[in-house]
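Visitor: Predicted model and sequence follow; I will ask about them next.
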Amino acid sequence: MGHFTQALRFFQLALKCHQEESGDGSWRTLDARNRVAGMLQEQGEYSRAEAEYQEVLDLSAQIDGEAHSVMLTARVHLAGLLFARGESARAEAELRAALALSYQLRGAELPQTLLIRASLAIVEKSHGELGHVEKELREALRLEEQSYGESHLMILKLRTSLASLLMGRGELAQAETEYRALLDQAVRTCGEENPNTLFIRDSLAGVLLERGETDQAAAEFRKVWECSCVLFGAEHPRSRAVKARLDKLS
């Protein structure tokens, strides 16, 4: 049993407790449901995660039309899930709804709103917008690093988004440089056996493979597989998918 399986059970228990104390329609319960959905998504259980996110959005809509960060979290994560599943049109729709909500809750200038704009540009494959957002991401990074230092979690998110933008524009050499620096930062900040680190290492392996660096890509995929076994278990579909990819490179 992987660490995430145990964590999922904990979050499911917390959700049940909130349901009993506050009912299905309270923000605390909906936040707990988002966490369960997030754990399912991390494990690659996209259908179950989608159902949970949709339940959050449906119940949120019944709370006097009030905007809340719980709704924003559900939309952003649901968009990521849909994009990973190849449903770009639905992902774009969710990101547009999330962007409008983020403007309402946080304003146009905050880094969280910029991250949504970056995700939307990647999904749309709008090269003009990618270039514009890249400049804004770099400026936001500069300001955040001045305020918090490079180990802050928001710095990690901004740099991950920047690396994805470079990848989306086909600038593989720059993307590799960014992912390598990002991986070092993630290991220092989050540790080796962490979903953020796992995602970044997997992305780096993908860039290396695109550049024809097969041996280096295989080395990174092996580390991804080893970490996935710890987090999810060796027989989990996510771990088995990485292992199958690794075997093709051997």
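Guide: Perfect, thanks for sending it.
Visitor: ok, and what's touching stretch 27-37?
Guide: Stretch 27-37 is contacted from outside by 8, 11-12, 14-15, 18-19, 22-23, 49, 52-53, 55-56, 59-60, 63, 68, 70, 73-74, 77, using Cβ atoms under 8 Å, 6 or more residues apart in numbering. (C-beta placed from N, C-alpha, C; glycine too.)
Visitor: Can you flag the buried ones in those residues?
Guide: Using 16 or more other Cβ atoms under 10 Å as the burial test, these include 8, 11-12, 14-15, 18-19, 49, 52-53, 55-56, 59-60, 70, 73-74, 77 as buried.
Visitor: ok so, going back, sort out which of the contacts of stretch 27-37 are in helices and list them.
Guide: If you go by DSSP state H, the contacts of stretch 27-37 have 8, 11-12, 14-15, 18-19, 22, 49, 52-53, 55-56, 59-60, 70, 73-74, 77 in helices.
Visitor: Could you list the low-pLDDT ranges of the protein?
Guide: Judged by pLDDT under 70, the chain has its weakly predicted residues at 1-4, 64-66, 126-128, 148-152.
Visitor: how's it carved up into domains?
Guide: 1-125, 138-250 (automatic domain parsing).
Visitor: mind checking the end-to-end distance for the shortest one?
Guide: Between the opening and closing residues of domain 138-250 we find a distance of 38 Å, counting by Cα to Cα, to the nearest Å.
Visitor: How far away from the center of its chain is it?
Guide: With Cα atoms, centre = their mean, to the nearest Å as the basis, domain 138-250 stands 12 Å off its chain's centre.
Visitor: So that it lines up with my notes, have the first residue be 16 from now on.
Guide: With 16 as the first residue, the last one maps to domain 153-265.
Visitor: can you map out the helices along the protein?
Guide: Using DSSP H, helices in the chain cover 18-37, 42-57, 61-75, 84-99, 103-120, 126-139, 142-163, 168-183, 187-205, 210-225, 229-247, 252-264.
Visitor: in the shortest one, what's buried?
Guide: With burial defined by 16+ other Cβ under 10 Å, the residues of helix 252-264 counted as buried are Arg253, Ser254, Arg255, Val257, Lys258, Arg260, Leu261.
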